[in-house]
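>>> fold the following, please.
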Amino acid sequence: MHRRKVGIIGTGAVGATAAYSLCMMGTCNEIVLFDIAEGVAKGKAIDIAQSSHYAPNSTIVTAAESPADVNDCDIVVITAGVPRKGDMTREDLLMINAKIMKTVVEDVKTYSPDAVIICVSNPLDVMTYVIQKMTGWERNRIIGMAGALDGARMAYQIYNKLGYGAGQIGTLVIGDHGQNMIPLPQKVQVGDVPVNELLSKAEMEEIIERTRTGGAEIVKYLGTSGYYAPGRAIAYMVEALLNDSRIVVSSSVLLDGEYGYSDVTAGVPVVLGKNGVEKIIEIDLDSETIEKFKISVDSINENIAILKQNKFFD
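Numbers count the residues shown, from 1 in each chain. The predicted structure follows:
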């Protein structure tokens, strides 16, 4: 990763905030933005580039005129996709976003064949699977961003409950990025103190529920989903890859026997470094968590099955 060049495809609020965060941290040499909505990438690229004047390192930020301009990237972040609208079924949304993904992935394969891809498009785990199948690349190079965001949301809820330990709260969330996500309080520490020594089971249950509905809570106030935390979570992962930090963060990856599952993408703790996923960490799960994880994986597989029934992968 000598050039430290990052492509971001889809420059809505989340993609643009990821770019801005990377700029403020001075993480990359170059960021290229692409969006199918005319002018959006250009306008945001100019604005973000001007903001980098006050960052620790200057970053070149440009807008791609066409997918061919998102080339030779070390990392490509994909946030492209449409949100679910009123009369859309889950199947409609899946098919629309999978087709968008197919087009995007073809371009990435052509113009940035050595990149690591971070998928942010929803439904997250299924789209990560689509990218995996469409590229045929090694699984360490396709990563779904979920646990980094859900973990930050969980840390926020724990801090709100405790009133101390901000920045010292470890978090771990596995499973799907959605209603069946599984926050694991038994694996969480504040500083060096296990969280279950600081909070009751009832308090932890409330934190888990609030983590799960964390996105919906923001929608309630803003009328739109959050973008600062997702954008920063993306940037955090990009930094780990570019800096070979070898951090542990839960991410959606293709399982090949880990946790007893294969040919499905789900959130599990992984080590992120210069090659993408350097290692998948298998932690011991109690019987209750094993059952929850199964429900989570089954829900992802149901969606993958819809794509297969519609002959999407043929």
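
>>> domain-wise, how is this protein divided?
The chain breaks down into these domains under automatic domain parsing: 5-144, 147-308.

>>> looking at these, which is buried most?
Counting by mean count of other Cβ atoms under 10 Å, domain 5-144 has the highest mean neighbour count of these, with a mean of 20. For glycine as for every other residue, the C-beta is placed from the backbone atoms N, C-alpha and C.

>>> show me where the stretch 151-300 of the chain has strands.
Ranges of strands in the stretch 151-300 of the chain, per DSSP state E, counting those that start in this stretch, are 173-174, 182-183, 189-190, 193-194, 247-256, 262-273, 276-280.

>>> which helices and strands does the longest one pack with?
Looking back up the chat, that one is strand 262-273. The contact analysis (3 or more Cβ pairs under 8 Å, 6 or more residues apart in numbering; DSSP states H and E) places strand 262-273 against helix 124-135, strand 142-144, helix 147-162, strand 173-174, helix 228-243, strand 247-256, strand 276-280, helix 287-309.

>>> average pLDDT across the third one?
When you say that, I think you mean helix 147-162. For helix 147-162, mean pLDDT rounds to 95.

>>> thinking again about what came up before, columns distance to Lys44 and mean pLDDT on top of the strands of the stretch 151-300 of the chain, output as TSV?
Output for the strands of the stretch 151-300 of the chain, formatted as TSV (distance: least, Cβ to Cβ, whole Å; pLDDT from 0 to 100):
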stretch	distance to Lys44	mean pLDDT
strand 173-174	30	95
strand 182-183	33	92
strand 189-190	37	92
strand 193-194	42	93
strand 247-256	26	97
strand 262-273	26	97
strand 276-280	26	98
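
>>> possible to save these as CSV with distance to Met237?
Shown next, in CSV, are the strands of the stretch 151-300 of the chain (distance: least, Cβ to Cβ, whole Å):
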stretch, distance to Met237
strand 173-174, 14
strand 182-183, 19
strand 189-190, 21
strand 193-194, 26
strand 247-256, 7
strand 262-273, 6
strand 276-280, 10
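
>>> closest to Phe312 out of those strands?
Across these, Phe312 has its closest neighbour in strand 262-273 (15.0 Å, Cβ to Cβ).

>>> could you dump the closest one to CSV, C-alpha only?
The C-alpha coordinates for strand 262-273 follow below in CSV (Å, rounded to 0.1, in the frame of the first residue of the first chain):
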residue,chain,number,x,y,z
SER,A,262,-19.4,-21.7,5.6
ASP,A,263,-20.4,-19.7,2.5
VAL,A,264,-22.1,-16.9,4.5
THR,A,265,-20.9,-13.5,5.5
ALA,A,266,-21.5,-12.4,9.1
GLY,A,267,-19.9,-10.2,11.7
VAL,A,268,-17.1,-11.7,13.8
PRO,A,269,-14.0,-10.3,15.4
VAL,A,270,-11.1,-10.0,13.0
VAL,A,271,-7.6,-8.5,12.9
LEU,A,272,-7.3,-5.7,10.3
GLY,A,273,-3.9,-5.0,8.8
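
>>> tell me how far that strand is from the chain's mean position?
12 Å (Cα atoms, centre = their mean, to the nearest Å).

>>> surely Asp176 and Thr265 touch.
No - using Cβ atoms under 8 Å, Asp176 is not in contact with Thr265; the gap is 9.1 Å.

>>> which residues do those two both contact?
125, 252, 300 (Cβ atoms under 8 Å, 6 or more residues apart in numbering).
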